[in-house]
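Chemist: model the following, please.
(chains A and B)
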Amino acid sequence: MKPASPRLLLLALLATAIVAAAPARAADYVIDTAKSHASINFRIKHLGFSWLTGRFNEFSGTFTFDEAHPEASKVKVEVDTESIDSNHAERDKHLRSKEFLDTATYPTATFESTGVKVNGDKATITGNLTLHGVTKPIEIAAERVGGGDDPWGGFRQGFTGTTRIPLKDFGINFDLGPASQEVELTLNIEGVRQ
Amino acid sequence: MLIGDSKTGYGLISRLVHWIMALAIPAMFALGLWMVTLNYYSPYYRTAPDIHRSVGMLLLILLVLRFLWRLANPKPDDAELSPLERVASRTVHWGFYPLLFALMVSGYLISTADGRPIQVFNWFSVPSLIHKKGLEDAAGEVHEVLAYVTMLLFVLHAAAALKHHFIDHSSILKRMWSGPPSTS
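Modeler: Here you go, the predicted model:
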């Protein structure tokens, strides 16, 4: 058997060093929409009597996260507004129309973080939300749910975050009544480290 | 009184159904345009679409029965028309059936795309046959376009009838109102 070439040894050493160093630096994660371990849900009061819930079925996103420096995290999400689903075809059609999301003109909503303030297990993510053609800064109250090795050789991190947005701020002026001026958004995201 | 149609004119059934549809279809068009402009707190926000859906389903049933009735009865004579008028008239008359059918079915598909039935007043319900995500959007676009095409055909048809009545002094319009000239 031929002895291993010094070049190969060096390469192996380098590879080991990269793997060992990986958890210590910010890693890139892709939100696991492929296997749907992520969801974007909304709820809004109906007449002030109950919560109407729905979701956006299609979106994609990425984030960076470093356990040692969570304040340096970044997140970006793109939502296909046409995929709105409130479990009622006629209502969904109305929500996609010009009176609400106008998905023909604005097929995508995006969120891109600009900063993260960490407070223990919780964090406040600030960033710009573009919805219905309007870009405005919003704050998301976020919380890390968990992270670690998955059973299939991958590494995952999961978070949940909520925010409230006044519909009028984003140019959605259909009047649903005084109790329904704001919509609550909840994001559940699990990312797979790349 | 003549119930069925004959070579000389339309019987009671055909005339009744014709005038019901002549009133109901433009009324449904107007109702459709109006109901989508209502605000959430309008007292008609729920009832206007309920009526539109219910009447639409009843018209669909009536349309199918009318088509079968048309096939089962002799077609009143249109020999007095010029060859061009005859082609135009027959195209419009036969064109109405598939057009209205597609119009009503597309409306049905909007409301039933999520598997929900259509409740026809408090009378009966029509179950959903195609449960498909996003179908409401495609069906909605078809429904809107066909509604405008229907109104275009309606105007052509009414204008032609008025032209025959007032300019040609023909009995075509009277025939649809009061039946064949000499039956007892």
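Chemist: how about the helices of the chain, start to end?
Modeler: Assuming you mean chain A. Using DSSP state H, the helices of chain A run over residues A:6-21, A:89-96.
Chemist: hmm, I had chain B in mind actually
Modeler: Assigned by DSSP H, chain B shows helices spanning B:12-35, B:44-72, B:83-112, B:135-162, B:172-178.
Chemist: tell me the buried residues in the shortest one?
Modeler: Just to be clear, that refers to helix B:172-178. Buried residues in helix B:172-178, defined by neighbour count with 16 or more other CB atoms under 10 Å in any protein chain shown: B:Ile172, B:Leu173, B:Arg175, B:Met176. All C-beta spots, glycine's among them, are computed from the backbone N, C-alpha and C.
Chemist: and the residue nearest to A:Ile138 when sequence neighbours are not counted, how many neighbours?
Modeler: Nearest non-adjacent residue to A:Ile138, counting by CB to CB, 6 or more residues apart in numbering or on different chains: A:Leu129, 4.7 Å away. By other CB atoms under 10 Å in any protein chain shown, 21 other residues sit near A:Leu129.
Chemist: with A:Ser60 instead?
Modeler: A:Ser60, neighbours per other CB under 10 Å, totals 14.
Chemist: which pLDDT does the model give it?
Modeler: A:Ser60 carries a pLDDT score of 97 in this model.
Chemist: ok, it touching A:Thr108?
Modeler: No: using CB atoms under 8 Å, A:Ser60 is not in contact with A:Thr108; the gap is 10.3 Å.
Chemist: who touches both of the two?
Modeler: A:Glu78 (CB atoms under 8 Å, 6 or more residues apart in numbering or on different chains).
Chemist: relative to A:Leu52, how far out is the residue nearest the centre of chain A?
Modeler: Taking CA atoms, centre = their mean, the centroid of chain A lies closest to A:Val77, which sits 5.0 Å from it. As for A:Val77, its distance to A:Leu52 is 22 Å (criterion: CB to CB, to the nearest Å).
Chemist: for A:Ile138, give the beta-bridge partners.
Modeler: A:Gly127 (DSSP bridges).
Chemist: surely it meets A:Leu131?
Modeler: No: using CB under 8 Å as the test, A:Ile138 is too far from A:Leu131 to be in contact (9.4 Å).
Chemist: which neighbours do those two have in common?
Modeler: Residues touching both A:Ile138 and A:Leu131 (CB under 8 Å, 6+ apart): A:Ile165.
Chemist: of these two, who's got more company?
Modeler: Comparing A:Ile138 with A:Leu131 by other CB under 10 Å, the one with more neighbours is A:Leu131, at 23 against 17.
Chemist: many thanks, we can stop here.
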